[in-house]
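Colleague: just the structure for this:
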Amino acid sequence: MGRNSVRIIGGKWRRRRIPLGSDRIRPTPDRVRETLFSWIQRDLQGTSVLDLFAGSGALGFESLSRGASHATLVDNDPEA
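Modeller: Alright, predicted model coming up:
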């Protein structure tokens, strides 16, 4: 799957891959997601997450994998 997928890097879905529907989608790099979630991990349990301009959905799915109870993913590109 490699290039046309994005990997969940932590939580209960760790190492799972999300297929990308378009070559135009540029997912948030793993290192950026690792840093972001290291900052917010303690506050994430049971929360609702809003992922605006979601693209691949990596941030929303990563949040769910790490304990968020609900995620809403929004994007204006119909291919996202």
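Colleague: longest helix in the chain, please.
Modeller: Longest helix in the chain by number of residues (criterion: DSSP state H): helix 30-44.
Colleague: any buried residues in that helix, and which?
Modeller: Under the neighbour-count criterion of 16 or more other CB atoms under 10 Å, helix 30-44 has R33, F37, L44 buried. Backbone N, C-alpha and C define where each C-beta goes, glycine included.
Colleague: closest to N76 among those residues?
Modeller: R33 (21.8 Å; CB to CB).
Colleague: the longest helix of the chain packs against which elements?
Modeller: helix 58-65 (3 or more CB pairs under 8 Å, 6 or more residues apart in numbering; DSSP states H and E).
Colleague: how about residues contacting the helix it packs on?
Modeller: Outside helix 58-65, the residues within contact range by CB atoms under 8 Å, 6 or more residues apart in numbering are 6, 8-14, 16, 18, 27-28, 33, 36-37, 44, 47, 49, 51, 54, 71-73.
Colleague: I figured N4 was touching P19, is that so?
Modeller: Yes: with contact defined as CB atoms under 8 Å, N4 reaches P19; the gap is 6.4 Å.
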